[in-house]
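[1] I would like the atomic coordinates for the input below:
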Amino acid sequence: MLAEYLPTLMFLIVASVIGVALLVVGNALGPRRPSAEKLSPYECGFTPFEDARMQFDVRYYLIAIQFIIFDLEIIFIVPWATVFRDLGVVGLIEMGIFASMLLLGFIYVWKKGALEWE
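    Next comes the predicted model:
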């Protein structure tokens with residue numbers, strides 16, 4: 001049974017060897033001419049004017065979480081919709097609970113003001 005996985009294992013080994021070899025060759029043969037301009041942080045063509053470790057507004061994180069939640073919603077709803085007739089009323093109730101929990105999360109983000117940009 002393990003012999004069936006041999007081509008996959010060989011593919012992973014060859015891909016890993018090629019990846020490591022390219023990194024080693026590039027590091028060994030590549031030019032090394034660092035300058036102050038090359039080593040400085042790049043920020044859209046401007047010199048950085050603030051510390052990179054500044055605090056972000058919580059709205060950025062809320063939008064990121066909301067994006068992940070709605071991606072997960074699509075991942076669960078599309079397969080559910082394909083077998084909707086087989087699940088019956090129980091499947092409909094479960095999806096209603098799932099969708100209502102997502103709606104509560106959306107209302108929470110809305111009440112926190114994460115959807116309002118200044």
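
[2] I'd guess Arg32 is in a helix, am I close?
    No. Arg32: not assigned to a helix; according to DSSP: H, G, I helix; E, B strand; the rest coil it is coil.

[3] tally of neighbours for it?
    5 (other Cβ atoms under 10 Å). For glycine as for every other residue, the C-beta is placed from the backbone atoms N, C-alpha and C.

[4] where does it land on pLDDT?
    Confidence at Arg32, expressed as pLDDT, is 86.

[5] now it: how far from Arg85?
    Between Arg32 and Arg85 the computed distance is 65 Å (Cβ to Cβ, to the nearest Å).

[6] now the helices for the chain?
    Secondary structure of the chain (DSSP state H): helices located at 6-29, 36-39, 58-82, 84-111.

[7] those: which one's closest to Trp117?
    helix 58-82 (8.0 Å; Cβ to Cβ).

[8] flag the shaky bits of the chain, pLDDT-wise.
    Residues of the chain that meet the criterion pLDDT under 70 lie in 42-52, 118.

[9] name the residue closest to the centre of it, please.
    Ile68 (7.9 Å; Cα atoms, centre = their mean).

[10] what about dumping the CA coordinates of stretch 30-39 to PDB?
    Extracted in PDB, the C-alpha atoms of stretch 30-39 (Å, rounded to 0.1, in the frame of the first residue of the first chain):
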ATOM      1  CA  GLY A  30      24.500  36.500  -6.100                       C
ATOM      2  CA  PRO A  31      26.100  40.000  -5.800                       C
ATOM      3  CA  ARG A  32      26.500  41.500  -2.300                       C
ATOM      4  CA  ARG A  33      26.600  45.200  -2.500                       C
ATOM      5  CA  PRO A  34      24.600  46.500   0.400                       C
ATOM      6  CA  SER A  35      24.200  50.300   0.800                       C
ATOM      7  CA  ALA A  36      22.300  52.500   3.300                       C
ATOM      8  CA  GLU A  37      19.500  53.000   0.700                       C
ATOM      9  CA  LYS A  38      19.100  49.300   0.100                       C
ATOM     10  CA  LEU A  39      19.100  48.400   3.800                       C
END
